[in-house]
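Q: everything below, folded, please.
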Amino acid sequence: MAENGDAGKLAQVFRTGDLVSLSVSSVGPLFSIAATGGVMAAAAGWFSLVAIGLIAIPFIVSAFVFRLLNRHFPHAGASYHWSRRVLGARSSRFQAWILIVAYFSSIPPIIIPAANYTLTLIAPGQTPGPLAELATSAFWVGFALVPLLRGAKPTARITQVFLLVEVVSVAGLAAIALYRLPELHVPVHASHFPLGGVIISAVVAATILDGWEIDSYAAEESRRPKRDPGTAGIVGAFLALAFYAVLFPLMLDETPLRVLAGAANPMAAWGDRLLPSAPWAVLLPVLASTAGGLWLTSFILGRALFAMGREGLLPGRFARLNHRQVPAFALVSVLLAALAVTALQTLYPSLRSFFGLVLGAAGFFLTAEFFLDSLTATVFLSRLHGAGKDGEPDAPVHHHHTALRVAATGTTVVLGAFLCGFLVFGPTAIGSGIDWVVAAVVTGGLLFAWIPRRGREAYIFEGGDVTTGLPLRSAASTANRT
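A: Alright, predicted model coming up:
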């Protein structure tokens, strides 16, 4: 495996606070509740809280696993690169495919609500036409490109402003909800435990518990690339879970389930009860959350495509950097492609059910992405356990990662079980064709992995800690199989 120089070098500008704000805002807590709360309430009712708790365990473990992998292999391709270093080139290509599908299928479901929330704020009570929805969607795509193309640091700064709006709003909503709890309380009726609904809700909840891993994809842009990436993700994962632990029970306790189940925006339904005279007070922070989630999900996929272009998995133009040292072609391609999908959904009603089915599988592929990451970590930690070394040829420090190895193994098993459960219960809960969508995507991934292609050797990030100037050392050959 070759070591590369400064080819495709990103600017190392992110400090710890930048990465933490990116990790928290990328989760988009308010938007996540607005986007998935109705689906989860319809599938599992009050037991959606159980689903969140179940899927949160492997995701929290994954945050610690990501920190370990970042310390060994900091890279803009993150999980796709880790797989190459540990499992080999073909496994890496399959994971690259899953990564692209997982994150790209998450972007149109952000653009469309952003447009709808905006139109609701501008013209409440009116039904906008498809051209108005499309124009507003195009506005948000253009708006997302502004911070992304200006550079990594401006992206972090603008994100922090939107995150502040969201945090203040969450605190305000929670305070109002607690004050009005005795008045708005709705009796809970839960006659049985809906196993299938809980499994579907857990997989859907993968889309609200991911995003904190953005700091892994920003590793090459961190000023301390072996210390901060991964650590910021842990903070983001716990804060995201804290948001849901506060807001979800209050929303379910104060809004009739029949109103929440299947609602396009359950946050708005809850807000109508909390603040019936000021619905904008709920919509505005949800919109801020949506905007942050849009450009940060695009950030993740843009950096991953940049890394793939740099190594020849994609055309080299994806690895081009503009004068601000950001992968402009990759970012523009992602958002324009997402806008094209949005346009097809908006202008052609006959295609909505098809795209709804495809995009409805986003939770499955995000779960699959974390499953593959856990599998990579399990293999990597097993090799370290057997070798008893730090993984670096000149470092005689012994590892003590037994607990993390066991946790990574358990996470692999749990996430694998959720994936299997989704295939069993998904056709009933989401649509009869969901298994065919999954099968088609997985088949495409296998073809992408196994068809021979001329690619470059893996790019090993050799940037140093900006505060000390010390270079990073590549990991040992035990983890360098390609």
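Q: only C-alpha atoms for contact and neighbour calcs from this point on.
A: Fine.
Q: which SS class is V186?
A: Classification of V186 by DSSP: H, G, I helix; E, B strand; the rest coil places it in coil.
Q: that should have said G125, apologies.
A: On the three-state scheme (three-state DSSP), G125 is labelled coil.
Q: please report phi then psi for it.
A: According to degrees, to the nearest 10, the main-chain angles of G125 amount to phi 80, psi 0.
Q: can you report how many residues lie near it?
A: Counted with other C-alpha atoms under 10 Å, residues neighbouring G125 total 9.
Q: what packs against the helix or strand of the chain with the lowest mean pLDDT?
A: Within the chain, no helix or strand scores below helix 352-360, which has a mean of 73 by mean pLDDT, DSSP states H and E. Judged by 3 or more C-alpha pairs under 8 Å, 6 or more residues apart in numbering; DSSP states H and E, helix 352-360 is in contact with helix 328-347, helix 434-450.
Q: and the last one, what's buried?
A: Counting neighbours by 16 or more other C-alpha atoms under 10 Å, one finds that the buried residues in helix 434-450 are I434, D435, V437, V438, V441, V442, G445, L446, F448, A449.
Q: and it, how far from the chain's centre?
A: Here helix 434-450 is found 20 Å from its chain centre; the criterion is C-alpha atoms, centre = their mean, to the nearest Å.
Q: what is the mean pLDDT for that helix?
A: Taken as a whole, helix 434-450 carries a mean pLDDT of 91.
Q: and it, what does it pack onto?
A: By 3+ C-alpha pairs under 8 Å, 6+ apart, helix 434-450 packs against helix 89-104, helix 352-360, helix 402-429.
Q: what residues of the next helix or strand after the second one count as buried?
A: Right, helix 352-360. As assigned by DSSP states H and E, the chain's next helix or strand after helix 352-360 is helix 362-387. Using 16+ other C-alpha under 10 Å as the test for burial, helix 362-387 gives 362-385.
Q: ok, now stretch 347-355?
A: For stretch 347-355, by 16+ other C-alpha under 10 Å, it's R352, F354, F355.
Q: tell me which of these is nearest to R273?
A: Nearest to R273 out of the buried residues of stretch 347-355 is R352 (C-alpha to C-alpha; 30.8 Å).
Q: in this protein, where's the longest helix?
A: Counting residues, the longest helix found in the chain (DSSP state H) is helix 280-310.
Q: got the CA coordinates for the helix or strand containing G236 in PDB?
A: Using DSSP H and E, G236 sits in helix 231-254. In PDB, the C-alpha atoms belonging to helix 231-254 read as follows (Å, rounded to 0.1, in the frame of the first residue of the first chain):
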ATOM      1  CA  THR A 231     -14.300  12.000  20.200                       C
ATOM      2  CA  ALA A 232     -16.500  14.700  18.800                       C
ATOM      3  CA  GLY A 233     -18.800  11.900  17.400                       C
ATOM      4  CA  ILE A 234     -19.200  10.400  20.900                       C
ATOM      5  CA  VAL A 235     -20.400  13.800  22.200                       C
ATOM      6  CA  GLY A 236     -22.800  14.200  19.300                       C
ATOM      7  CA  ALA A 237     -24.200  10.700  19.700                       C
ATOM      8  CA  PHE A 238     -25.000  11.200  23.400                       C
ATOM      9  CA  LEU A 239     -26.400  14.700  22.900                       C
ATOM     10  CA  ALA A 240     -28.600  13.500  20.100                       C
ATOM     11  CA  LEU A 241     -30.000  10.700  22.300                       C
ATOM     12  CA  ALA A 242     -30.500  13.300  25.100                       C
ATOM     13  CA  PHE A 243     -32.700  15.400  22.700                       C
ATOM     14  CA  TYR A 244     -34.900  12.400  21.900                       C
ATOM     15  CA  ALA A 245     -35.100  11.300  25.500                       C
ATOM     16  CA  VAL A 246     -36.600  14.600  26.400                       C
ATOM     17  CA  LEU A 247     -38.800  15.500  23.400                       C
ATOM     18  CA  PHE A 248     -40.200  12.100  22.200                       C
ATOM     19  CA  PRO A 249     -41.900  11.200  25.600                       C
ATOM     20  CA  LEU A 250     -43.300  14.700  25.900                       C
ATOM     21  CA  MET A 251     -44.700  14.700  22.300                       C
ATOM     22  CA  LEU A 252     -46.200  11.200  22.800                       C
ATOM     23  CA  ASP A 253     -47.700  12.100  26.200                       C
ATOM     24  CA  GLU A 254     -49.300  15.300  25.000                       C
END
